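Participant: Quick one, what's the 3D model for this:
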Amino acid sequence: MQLNDAQSPNALRLRLAAATLGLLGVTTARPAAADDEPRKWTFDNGLLFYKESGGRVQVIEPVVNAAVDLGNDRTLSAGLVLDSLTGATPNGAAPAATPQTFSSPSGRGKTYTTAPGATPLDNTFHDTRFAADLGYRFALTPTGKLGFGLHGSKEYDFTSVGANTQYALDLNQKNSTLNAGLSFEYDQVDPVGHAPIPLTMMVNAIKTGGASKSKNVKDGLIGITQIIDPQSLLQFNYSLSLSNGYETDPYKILSVVDSNAQPQYYVYEKRPDSRTRHAFYAEYKRFVFNRDVADLSYRYFIDSWGVRAHTVDLSYRWNFSNNKYLEPTGRFYTQTAADFYHVALFTGEDSSVHDASADPRLGAFNAVTGGLKYGQVLGNGNELSLRVEYYKQFSKVTDVPVQAATALSQFNLAPDLSAINLSVGYRFNW
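Facilitator: This is a model prediction of the structure:
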């Protein structure tokens, strides 16, 4: 194919860069004064509201991200996040024909009761998370950029710290970019009431198995971004994650039932003490109608716990004026259950299994998400965006104990879940 001036490598890169930035919600518009002076700080502020149906988890999350161009291809960035989580969350027990009463994690005489036939939800759940990160990126060579980052987060019973590094190398007149990254994270959990001994009976209070537990996570990523033609580009990534240590959720339990599905007692869950994750990602972006951006991506996930997942994501950014756009999005997700996932255990089975969890996040389900984003570049070059998304999860019933399957079939063992996500964002230069 012969290239004219408009299709030269430089023009191609600029065109695709504009398309990519537009898809990511980044505007190339700048305040008039910015043409006469160096760019200073750019702030991305956001507020997220997430709410699940049935009085379940609700999240309010303000976010502030800032970056400054220090010149000579050097960028300094920082971010702050504050999460407030409230609501009810499944504790892992199965529904029963009679009311079920559970102790709260504190074990200080606080209890909650679940109605007959209902999914047991811990309505004492609440938490606040504070997270921060700091990054620095610079040109190591004329075609290579190196970055370093630090991050940390703190919850009432959880602390996480980590570091990362990334390297990007431009090739083929900057039409190809190779990316590589490494990160390390150290997590420590200090459960309320101490960590329970896995697969032991839950009584009136959490049985102490130790004060704090920890794990470490090592991640690696390699990828390539390739400009195909003046209107499109492809991206491929592979990521590997290795975690070792305390993987169990100290607040999740399982029901141990008889043939009539009547709970005899409850035991604390137990997960393997290591996990290996592989993820393969492909994305195709295309500049269409000399104005809009279409984006299609696919991700395949597999881990050592037996979880297999597929994600298909589609979005279309419609720039219906010079400073306004609409971006509808759609996503489909499906996963299989972990090898040690059980709806419940049959009497005595808790002494023979090595690992077991009834956490619905480790179960099999399909999910769809639909959303719409509106963005507008204001007269001063700042940008305002609004997004609404609706999430619907369709759970699957798997891994029911055979001896109690008939009795358990009278209950909704895998209820569907819906959630709404609202967010507002504001970007400005200072």
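Participant: in this structure, which spans are helices?
Facilitator: With helices called from DSSP state H, the chain shows them at 9-23, 405-408.
Participant: Mean pLDDT lowest where, among those?
Facilitator: Among the helices of the chain, helix 9-23 carries the lowest mean pLDDT, a mean of 36.
Participant: wouldn't Ser315 be in contact with Thr329 here?
Facilitator: Yes. Look at Ser315 against Thr329 with CB atoms under 8 Å: they come within range, at 4.2 Å. In this view, the C-beta of every residue, glycine as well, is placed from N, C-alpha and C.
Participant: residue ranges with poor pLDDT in the protein?
Facilitator: Applying pLDDT under 70 to the chain flags residues 1-39, 106-109, 204-210.
Participant: 80 instead?
Facilitator: 1-39, 104-109, 125, 193, 203-211 (pLDDT under 80).
Participant: how far away is Glu389 from Tyr50?
Facilitator: 9 Å (CB to CB, to the nearest Å).
Participant: what sits in contact with each of the two?
Facilitator: 420-422 (CB atoms under 8 Å, 6 or more residues apart in numbering).
Participant: quick one: which of the residues you listed is most hemmed in?
Facilitator: Greatest neighbour count in the shared contacts of Glu389 and Tyr50, by other CB atoms under 10 Å, goes to Asn421: 16 neighbours.
Participant: if I pick that residue, what's in contact with it?
Facilitator: Here Asn421 is in contact with 48-50, 371, 387-391 (CB under 8 Å, 6+ apart).
Participant: List the beta-bridge partners for it.
Facilitator: Each beta-bridge partner of Asn421 is listed here: Tyr50, Glu389, as defined by DSSP bridges.
Participant: quick revisit: mind putting the contacts of Asn421 in a markdown table, distance to Thr111 and neighbour count included?
Facilitator: Shown next, in a markdown table, are those (distance: CB to CB, whole Å; neighbours: other CB atoms under 10 Å):
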| residue | distance to Thr111 | neighbour count |
| --- | --- | --- |
| Leu48 | 32 | 17 |
| Phe49 | 30 | 14 |
| Tyr50 | 28 | 18 |
| Gly371 | 39 | 17 |
| Arg387 | 39 | 19 |
| Val388 | 38 | 14 |
| Glu389 | 36 | 17 |
| Tyr390 | 34 | 13 |
| Tyr391 | 31 | 19 |
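Participant: Of all pairs in the residues you listed, which one is the farthest apart?
Facilitator: Distances among the contacts of Asn421 were taken as CB to CB; the most separated pair is Leu48 and Tyr390, at 14.6 Å.
Participant: what about Glu383, distance to Lys396?
Facilitator: 41 Å.
Participant: meant to ask about Gly149
Facilitator: With CB to CB as the criterion, Gly149 and Lys396 are 38 Å apart.
Participant: out of those two, which sits in the busier spot?
Facilitator: The neighbour count for Gly149 versus Lys396, taken as other CB under 10 Å, is higher for Gly149 (19 against 15).
Participant: Leaving out chain neighbours, which residue sits closest to that one?
Facilitator: Gly135 (4.0 Å; CB to CB, 6 or more residues apart in numbering).
Participant: What number of residues are in the vicinity of the one you found?
Facilitator: There are 17 residues near Gly135, going by other CB under 10 Å.
Participant: That one and Ser77 touch, don't they?
Facilitator: Yes. With contact defined as CB under 8 Å, Gly135 and Ser77 form a contacting pair (4.4 Å).
Participant: and the closest residue to Ser395 other than its chain neighbours, what does it touch?
Facilitator: Spatially, and ignoring its direct neighbours in sequence, Ser395 is nearest to Ala414 (3.5 Å; CB to CB, 6+ apart). For Ala414, the contact set (CB under 8 Å, 6+ apart) comprises 343, 360, 363, 365, 395-397.
Participant: phi, psi of Ala414?
Facilitator: phi -140, psi 70 (degrees, to the nearest 10).
Participant: Asp258 versus that one, what's the distance?
Facilitator: Taking CB to CB, one finds Ala414 at 21 Å from Asp258.
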